[in-house]
Each structure stands twice: as C-alpha cells, then as structure tokens.
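Q: return atomic coordinates for the entry below.
(chains A, B, C, D, E, F, G, H, I and J)
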10 protein chains.
Amino acid sequence: MKKFNPIKTDSGKIKLLETFDNTFPNRNYLITHTASEFTSVCPKTGQPDFGVINVSYFAGKKCVELKSLKYYLQAYRNEGIFYENVINRILDDLVAVTKPKWMEVRGDFSVRGGLHSTVVSTYGKYPD
Amino acid sequence: MKKFNPIKTDSGKIKLLETFDNTFPNRNYLITHTASEFTSVCPKTGQPDFGVINVSYFAGKKCVELKSLKYYLQAYRNEGIFYENVINRILDDLVAVTKPKWMEVRGDFSVRGGLHSTVVSTYGKYPD
Amino acid sequence: MKKFNPIKTDSGKIKLLETFDNTFPNRNYLITHTASEFTSVCPKTGQPDFGVINVSYFAGKKCVELKSLKYYLQAYRNEGIFYENVINRILDDLVAVTKPKWMEVRGDFSVRGGLHSTVVSTYGKYPD
Amino acid sequence: MKKFNPIKTDSGKIKLLETFDNTFPNRNYLITHTASEFTSVCPKTGQPDFGVINVSYFAGKKCVELKSLKYYLQAYRNEGIFYENVINRILDDLVAVTKPKWMEVRGDFSVRGGLHSTVVSTYGKYPD
Amino acid sequence: MKKFNPIKTDSGKIKLLETFDNTFPNRNYLITHTASEFTSVCPKTGQPDFGVINVSYFAGKKCVELKSLKYYLQAYRNEGIFYENVINRILDDLVAVTKPKWMEVRGDFSVRGGLHSTVVSTYGKYPD
Amino acid sequence: MKKFNPIKTDSGKIKLLETFDNTFPNRNYLITHTASEFTSVCPKTGQPDFGVINVSYFAGKKCVELKSLKYYLQAYRNEGIFYENVINRILDDLVAVTKPKWMEVRGDFSVRGGLHSTVVSTYGKYPD
Amino acid sequence: MKKFNPIKTDSGKIKLLETFDNTFPNRNYLITHTASEFTSVCPKTGQPDFGVINVSYFAGKKCVELKSLKYYLQAYRNEGIFYENVINRILDDLVAVTKPKWMEVRGDFSVRGGLHSTVVSTYGKYPD
Amino acid sequence: MKKFNPIKTDSGKIKLLETFDNTFPNRNYLITHTASEFTSVCPKTGQPDFGVINVSYFAGKKCVELKSLKYYLQAYRNEGIFYENVINRILDDLVAVTKPKWMEVRGDFSVRGGLHSTVVSTYGKYPD
Amino acid sequence: MKKFNPIKTDSGKIKLLETFDNTFPNRNYLITHTASEFTSVCPKTGQPDFGVINVSYFAGKKCVELKSLKYYLQAYRNEGIFYENVINRILDDLVAVTKPKWMEVRGDFSVRGGLHSTVVSTYGKYPD
Amino acid sequence: MKKFNPIKTDSGKIKLLETFDNTFPNRNYLITHTASEFTSVCPKTGQPDFGVINVSYFAGKKCVELKSLKYYLQAYRNEGIFYENVINRILDDLVAVTKPKWMEVRGDFSVRGGLHSTVVSTYGKYPD
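A: Numbers count the residues shown, from 1 in each chain, chains lettered A, B, ... in the order given. Below you'll find the model as predicted:
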C-alpha cells in the first residue's frame, strides 16, 4: 500500500490555517471545535488510523477560521505519524497562527489491537 | 437564497427581553434556561446554523421572563452572525437587562464540515 | 380551565411534612431524595408544569420521612407558582422542619416553548 | 413577527430539486436521506417548528441529488405549513422529479405543548 | 386529599376535541401524537398516576387539532380512572370525532409498587 | 444459609391473586405489567436470583389487580426454584385466575457466572 | 407477611466478613466494590427494598474478601431497616474489620412512591 | 506465544455439558443464555478473540444446565478456532446433548482491524 | 486538493479479496462483518466521506477472509465515488468472489450539509 | 481446570514491554491507553476474570509502545492473580520501563457474584 508512505509537508499544512479577528479580545471565553472525522496513517504498519480531534482555546487577538481548520486536519489524511506526535504538532501549528491565551488539543483514537488511546496536550495557563 | 442576507437589528432584539422581580434577591440560587431550537445563519455561506443555547445565572434584582427569552432567541432566526459573536451578544443583552451577580451563556452548534463547535462566555464572579 | 387557579395553602403544606430522629447525628452523611413526578401549574398560562425535584442534605437531629415528603410535593399539584418560587419555598419548608447542616433543592422542569429550565437553591455551608 | 407570514412558493421549491441517473436502475436497492435540521413555521401561531425529515426510496431511472435536496428542504424555513401538509408536499415533489418505484417520507417534529408528532406518507408498492 | 375524588365529566371532555379537514383524504398516511405529560388519579388509592399517551391513526376526512388534544388530555388531570379504562375511553372519544380508517391508543404508565404497566387498544383494520 | 431452603407454597401463592371485571371484554387490547424487582432463590446453590418479570395479555372477562400481582410475585422471594420453572408456574397461576384470550410471561434474569438467561412462555393464540 | 419482621442479628453479620492482607500497605490505592443486587425490607411497610451498594476504600493492612462481602450483604435480605441506617451500619462493620485509611459506603435505592433515594456515608480523611 | 497453539479437544468439551429434565416438555417456551465473556484464539494470528455467545432454544425432553454450559464455553479459552467454526461447533454439541425442538447459536465478536463480526447458526424449525 | 481526484482501479480492488472454504456449506447460517472505519472521497466536492459498511451473507462454498476484506475496503480511501455506487460495487465484487446464497451490503454515511444517508443493496433470495 | 494454576513469570512479562523516545519530553501532556479485553484467572476459584485496564501517564523521556503493551497485558491471560495485585504489578512494571512524571493504572473488573470491582493505583505527583 505504497500510497501510505509518510509525506513530510508540515510547513504546507500550517499555510492552510486562516484566522479572523476576535471581536471580544478583552473577554475570556472558551471556544472548542471537535473534528469527528480525523484520519491519518500509522507510520509503523501503514494502516489508517481514525480519531476525534478536539481543540479548545481562549482566543487572543485571532480566532481560527472553521473551514480552514477542516482543510488543515484533512491534510493529515495520507501522512504517516504517531498519535503522540500528531496532537503536539496540531497544537504547535494552531498556537503559532492564533497566539491564544490558553489552548488544549485532545485526540481520541480508534481501537488498535484492543487498545484505545487518547493524547491531550496543552499550551499556556488556564485563565482565572 | 437572498432572504438569508444579514439583518442588523440588535437594538430591536434587546427590546424583546422582559424581566420580573426576583422574590429572593438576597439568596444565591442558580437559574438555567436551555433553548434546544436555536437557529441563525452563517454570514459566510448563507447556510442556516443550528444550536443549543444555555443561559445560567445567579439573579440580582431581576429574572428574565421565559416567553420573552424565547422571542428574543427567535429573532436571530434569519440573521447572519458567527458562533463566537452570537454567544457574546446574547450575554451582553441579558446582562444589560437583568444585572445578574454572575451569568454564563453557552452555545453548542450543529456539525459543519465534520466540525462541531461550542462557545462559552461568562460575566461576573461565581458567588462563594 | 378554572380548576387551575392558584390556591394559597403554604401553611397547610408544611404541616404535611413529618420527620424521624437521625440515628447518626454526629456523622456527616449525605441523603438525597429525587421526586420524578412533580407537577404544578404555571400562574401565567394556567398550563400544568412538570419537573423532577431533587432534595439533598446533611441531616442534623432530624430526617424527613419519605411518605410525608411525597404528600408534601403532591400538594403543589394544582397550585399556580413560578419555577423560581417553588424551589425556594420547598427549601424554606424543609429547612424549617429538619434544621439540616446543609441542604440543596434542585428542580429540573419540562420543556416550555422549546426552553428547558432548572433552578437550584442551597441552605447552609457544605461540611468539610 | 411579520417575517413569519406564510409564503406560497411551492412551484419555486420543486425547481430546486436536481437528479442524476441511477447507475443500477434494474436493481432494487434502498436509499435513505435524513435531514435532522428541518424547520418551518406554524401557520396558526407563527411560531417556528423543528423536525427531522426522513426520505427513503427505491430509485427508478433517477436519484435525487443531495445538495439540491438540502436547498429544497431549507426553502420551507420561513413558510407557514401544518405537519400533515409538509410531509405530503415533500412526497409529491420528490415523486414528481424522481419517479421512484417506492418512496416514503417521514417527519419527526419537535415537542409543542408537551405533544410530540410524527407523520409518515408513502408512494407506490414496496418491491418484493 | 379530597380534591382527588373521581369527577364524572366524559361528555365534557369530548367537547374539548376539535378537528380540521384532512387535505389528503384519499391517501393512507400515518399520524402519531405522543403526550409525555399525561397525569390522572388512581381511583383506588387517590394517588396521582403519570404516563405517556401515544395516539396513532390513518386519518379519514378529519384530523384532530393538536392544541385541543392537549386540553382534552389535561382534563383527566384530577379524574380517578384505571389504566385500562383511560386508554379505551380516549380511543372511543377520538374515534367518535375523527372517524379514522384505523387508530391505536397506547398508554405507558409510571411505576407503582415496582410494577410498570402499558395498555394498548386499537380501532379498525390497518390499511394495506 | 438455612433461611433459603425451598418452601413449597404454590397453592398459597395463587390465593394472593385478585381480579377485577374487564370493562371492555369484547375488545382485543393488550395489557402488560413489568415487575423489575423480582427475586427468588437458586435451589442448587441457595444463592438469591434476581430478575425482571414481564406479563402481557389480552384480557377475557377478568383483569389481574396490580397490587395483588405485586404480593404474588413477592411470595417467591425466599422460594428455591429454577428459572425455567418460575416462569411456567407464574403463567399457569395467572391463566387459572384470569382466563385470558392470550398471555405471555417473560423472565429476564441477572447474570450468573457470566451467563445471562431469559425464559419466555406463552398461553393461547394471539388474536388477529 | 410475617416473615419480613425485623431480625436483630448485627453481630452475626459482622462475623460473615473475612479479610486478606494488603500486599501494598504503604501505597494509597483505591478499591471499590459495587453490589447491584442488594435487598432488605422496609421496617414501616414490610415491603422489600432494593438498591445498589457501593463500597470504596483505601486499604490499610487488610482488604475485605469479595465472597464474604457478598454473604454479608445477603444477610440483610430479610431484615427490616431504614435506608439511612443500613448504609451507616455497613460502614461501621467494614471499618471495624478492615481499619481502612478512608472508606465511603453509598446506597442507591429503588423508587418508592415516585421517590428515589441515595445515602452516602464516609469514614476517615481522603489521602492526598 | 506458544501457549496459544490450537488444541484439538472437542470430544472432551462435549463431555462438560450436563442436562436436566424439562418440567414442561409439551409446552413450547423459549430459553436463552447469553455468555458475555467468551474468549478463544485466532488460529491465523495466535491472538486472543473475544465475543458474546447467545444460545436460544425450545427445549425438548432436556434443558442444558447453566454451570456446565459455563465450563463448556470456558474450554475454548486457549483453542485456536475461526469465528464461523466456533458457532457451528457449539450448535452441534448443544443439539447433540439436548435434542431441542429448535436452537440458535449467535456469536458477536470483538473488533479486529476495524471489522466487527457476527455469526448466527440455527437448528430445526421454529415452532408455530 | 489534487490527490483526491477519482482513480479508476476496480479490477485492482477485487484482486485484494481472498476467500477460504466454508466448513458447513450445507447449513444456512448468517455471517456479518461491519467496517466502522470506511472512508472514500466525494467525486463532486473532493471532500472525504466517512461511513460504516455492513456486509451480511449466507455463505455458499466460500467465505470472505477478514483481513483481505479490510484491505479491500481501505482501497476506496482515496477514490472519488458516490454513496449509491460504492455500495453496489462492493456487493458486485463480494458476490463475484464468494458466490453466496444471499448477500446484503449496507452503507451508513456521515452527515453532509445536515443530511445523513444510507444505501442498502441485496443479492439473491433470503433462505427460508 | 489445571491449566489455570498460577504461573510466576513477572520478570518475563516486563521483558515484553518496549518503549520509544518521547518527542516532547519538556512538555506535560497526558497519554492514556485503554485495554478493553484484559483477562486473567482468579487464584481462589480458578475461574477466568475479565476487565478493562486503563493506563494514563505524563511521559518522561520514554513512551510505552502500543503493540508491546498489548502483548504484555495478554501475558496475564492464564495467570492466577487477585484484582488488587494485578493493577499494582502493572503499575510497577510500566513505571520501571517508562520512568513517567506521573502514572495511574485503573482496572474495571467483570461482575462476580453480583459484585463489580475496580482498583486504581497511582505513581508520582500530578504535574501542575
């Protein structure tokens, strides 16, 4: 299943993310987006992985635009990457483009060999 | 689908909200209203959005009257507005008319392109 | 639907509540009773309201007797009263007869015009 | 709430429906589409109604195109129409454009005054 | 609890039911209304009973009007009547006013002494 | 655990069942009673068994009275009896006292050694 | 239903509890046992009560043996005792035989007269 | 993982099954046993398989004894066998020892590589 | 998103399917495999589609091998194909390699624009 | 059932665990793996036990490799061991190979004699 060989295109992915100005930058309010149709490829087995990606954040000056987030996540479809790395990479890219006050990215991945895995990574301090 | 073009009628909306006197102003007790049939329009695509709006507050001197809250939320039916803005606007309008000790407005919006979104905005300090 | 006109019978209601001695007055333990078949009448529309009433408390010298609590709650069946008031009245009556260390009364009311409401009122300080 | 007055635009609605050729016209296979975000207006109260519309059919020479079905159903958004009529009208329009072997349209409508309603209407004979 | 003594007002109840003309009398389509907030009184114990009433029918020339059905069912609120009788009475009244091709009334009643009961009664022959 | 030794008291049990006249003997309508708190004793191990007993029937001239059915089922509490036998005995007793047109008794028993069991026994012919 | 008269056999019950040595006495780890088939008798009505008993604890030198806990709980089967007392008695007995660092006993009891009750009692300080 | 190599011990397994006389051989009543903790080994990968086994039958002269059925199913724990074969073998063994009027064995197996499988095999004719 | 352009590789896909001999060819027993992680691409929008594919059949001389079925379904990952066609193609390929007595393929596809779709296609006559 | 006698092979088990380098050692992010198909043997009764094992940790320099964790947990399949011990042993082994900042192992075991048990053991301090 050659088509599943890892493709290194991170920089390309971050370019897919668009933002819009936060209308309420001085207010702390929580935004969450849940993508229930995330899929990537296991770099060890070449088998597809499936998962639910949850992004929560307190916006700073910028909010991530929904449609661009969808395309960004779709860009992992044929990339070989470990659960632990995909979550931390998504966090790094979203922090880079939105500069949030606080952000958490969570992945809830499909069962493999009877094992179900989740990875949760956080940036910044949760506002009081 | 012209009928979906954004309509600017905020001031009109706040006029729809009615209140009644809080019989227990010196007691801190929590009131929540959940509207499971909220709908507005996406200003980018002109497509209808659907969501569940949850309003929770500790009343001060005034409580919001249920029927008027229903009409207030219905007034967003054909307005083009982003998720982030609709929640903060509802919070601003309800705070203006009820002067609560604490209030939180939460929106739980329908899936768009496989992405499910929520927005939560809060006013004031949660009473001890 | 005349039979639904408000009836003022509070004093009568509190007389319906019976108590028994708490066998473990020096121990802090939590008792909860949930009545899933509460019904009263909306004073504005004369329409019946339905809800779930939850009573939680740390008993002092007295516990409320279950059967009497049932009759007490049934006495609201044909009374016209707002959600906010019914919860605070039940709290006042139960505090008066049981003198609890801490008590919370919660009402979870049926949908009206697409709006679902809850009211939660508390007495005393939660024991450490 | 004037904007909710009934609008007579049936012919306009049927024009919104597009079809594509059924690749397997000689095979009896069941297609269902469920629209969970249907909304129209009650002609009696001017209040919005919400529901889930389910379309099931055995295609003849034509299948209904998904996106056009979405726009067709959205066209009821501000029309005043009874539950019983909306279902039979949708059935009539879809039968007219797809000429199915068998079709069923079901509506599952939101609670009104504590009453939940469904309407199911069928065209043609279910294939053996 | 005197107010719970049986009240004989059947004829009065049937007067509460209103109908409207069936726009599609020559088509067999199924209409169902589910009332999740039905309550009456047990004639043996004077205790309130609660239940879910489900009415399904193939309309003839008349459909039952929703609001009037709500008021009709509310009229049982303080009447003492057995589960078996309330279902058959509702069926008789609705058949009398709508003359349906087929009708079924089902009651799903709340637990009493650890026993949960349902009663289902039917009129006419289910259309082919 | 001597108190769990089988007690032979069938005749006594059937005496606990009371009936009342069926108001609609000429109509075929279905009555079901579900007892979610049934318990008896395993004659092999002396261990308590738990289950849900469901009784469904088309009444003839008599209906079984709810409270008496509760006491009848409670009488199995300390009797040692196999799943297969308890269901058929309940069916025999209820058929003897109500002479139904059709009756089914179903038992849904708690897990034993990782095995969950159900037994369903029927009397008479289901009415058309 | 004489057989349900209260039986005073506490001391007897505590004798049913067996323990085994905790292999990890210096580590704080949480053990919970949930008995979903608890039944006793209401001392007021002689009616059987049903509930779910949950025991959670941080073991000291001893752990309670599962089978003996089962027999201990079964010993309440025919005893007349109030919800509030059964939970505190079980806590007292288990604390006496296991000397835990912390223990909580919770009872979740079946609906009576439309009222569902829970009782939660705790011993010791929750370890950091 | 040598310990998982297939072991051929069918005859041994059938010896584990015990029966008892059916008290109601002339009555058609349905008995079902569901084993939610079945496990065997995949003969291809040596990996453990897990599943839920459901046995339903109309008994003839014999019923299968529950405890022996448990031991019989446990005997597959370390045997390498395909889903399709394990179900048909269990059916053959149970039919041989109980001579039922009708029997169905169903297996609901755990997900493997994102694929969930069930196998259902039947003996005899379902009684009218 | 070029990588999503339709690829025509049917013949290649059918080559991925492997079979093994049915040990019980003379017995009618039902086999089902459910793939909860199916994904393909919408030929109209280039957007990924997700769904659950369910295959049920009565085997003839051959059964489909699970692992090969997994690889076969994965081969649709980057192919542009309509819901209606993917189900009928899978049915055609599986019928060609297994020659079943009866087979049904069902697809349950993810929501698109608020519309959820299923397609069910069948081959042969269901055995008595 | 001799094959179930306890086998002392701990050291052997820890050898089955493999690790890989944590790409983000300076970031605190939570990894969880849930094994829903854990089975071991009760040392007292020789009966199989079943459970769900949940491992959560903040990785230090090493992460545990998924496939090796699967084989490690499978190695308990035929070992006789108490619930309390299996959880603490798994924690000890995983801490030894991954040196986490914080780790929690939780076991949720199948019902035995109507009793459901869980054991939760923790290592290290939860990061701020």
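
Q: what helix or strand is A:E84 on?
A: helix A:83-98 (DSSP states H and E).

Q: any residue of that helix touching chain J?
A: Yes. Interface with chain J: helix A:83-98 contributes A:E84, A:N85, A:I87, A:N88 (Cβ under 8 Å from any Cβ of the partner chain). Where you see a C-beta, it was placed from the backbone N, CA and C, and this is true even at glycine.

Q: what's that helix packed up against?
A: Packing contacts for helix A:83-98, counted by 3 or more Cβ pairs under 8 Å, 6 or more residues apart in numbering or on different chains; DSSP states H and E, involve helix A:10-15, strand A:48-58, strand A:62-64, strand A:102-112, strand A:115-124, strand J:29-41.

Q: pLDDT on that helix, on average?
A: Averaged over helix A:83-98, pLDDT sits at 95.

Q: and it with strand J:29-41, angle?
A: In terms of direction (axes from the mean of the first three to the mean of the last three Cα atoms, to 10 degrees), helix A:83-98 departs from strand J:29-41 by 160 degrees.

Q: quick revisit: and of the residues of helix A:83-98 next to chain J, the nearest to B:T19?
A: A:I87 (45.6 Å; Cβ to Cβ).

Q: for chain C, what's the nearest residue on chain A?
A: Closest residue of chain A to chain C, Cβ to the nearest Cβ: A:L30 (21.1 Å).

Q: now do the residue nearest to that residue when sequence neighbours are not counted, the pLDDT please.
A: Nearest non-adjacent residue to A:L30, counting by Cβ to Cβ, 6 or more residues apart in numbering or on different chains: B:V120, 4.5 Å away. Reported pLDDT at B:V120 in the predicted model: 96.

Q: residues touching B:V120, list them.
A: Going by Cβ atoms under 8 Å, 6 or more residues apart in numbering or on different chains, B:V120 touches A:Y29, A:L30, B:I87, B:E104, B:V105, B:R106, B:G107.

Q: and A:A35, by the same measure?
A: For A:A35, the contacting residues are A:V52, A:I53, A:N54, A:V55, A:L69, A:K70, A:L73, B:G114, B:L115, by Cβ under 8 Å, 6+ apart.

Q: least confident pick among those?
A: Minimum pLDDT across the contacts of A:A35 falls on B:G114, with 83.

Q: state the number of residues packed around the closest residue to that residue other than its chain neighbours.
A: Once flanking residues are discounted, B:G114 sits nearest to A:E37: 4.2 Å by Cβ to Cβ, 6+ apart. Other residues lying near A:E37 total 23 when counted by other Cβ atoms under 10 Å in any protein chain shown.

Q: A:E37 contacts I:S110, correct?
A: Yes. The criterion here is Cβ atoms under 8 Å, and A:E37 meets it with I:S110 at 6.3 Å.

Q: now do the shared contacts for the two.
A: Taking Cβ under 8 Å, 6+ apart as the criterion, A:E37 and I:S110 both touch B:G114, I:F50.

Q: and the residue of chain A closest to chain H?
A: A:V111 (5.8 Å).

Q: please name the residues that touch the residue of chain A at minimum distance from chain D.
A: Proximity of chain A to chain D (Cβ to the nearest Cβ) peaks at A:S36, 14.8 Å away. Counting by Cβ under 8 Å, 6+ apart, A:S36 makes contact with A:V52, B:V111, B:G114, B:H116.

Q: what about the last one, how many residues close to it?
A: To tie it back to what came earlier, the one meant is B:H116. By other Cβ under 10 Å, neighbour count at B:H116 equals 16.

Q: wait, isn't it in contact with B:F109?
A: Yes. The criterion here is Cβ under 8 Å, and B:H116 meets it with B:F109 at 7.1 Å.

Q: gap between the residue of chain A closest to chain C and A:Y126?
A: Distance from A:L30 to A:Y126, counting by Cβ to Cβ, to the nearest Å: 10 Å.

Q: shared neighbours of these two, which are they?
A: A:F58.

Q: comparing the two, which residue is more hemmed in?
A: A:L30 (19 against 11).

Q: model confidence for that one, exactly?
A: Predicted confidence (pLDDT) for A:L30: 95.

Q: pull up the gap between it and B:L30, please.
A: Distance from A:L30 to B:L30, by Cβ to Cβ: 19 Å.

Q: same thing with A:M103?
A: On the measure of Cβ to Cβ, A:M103 and B:L30 end up 29 Å apart.

Q: thank you kindly, that will do.
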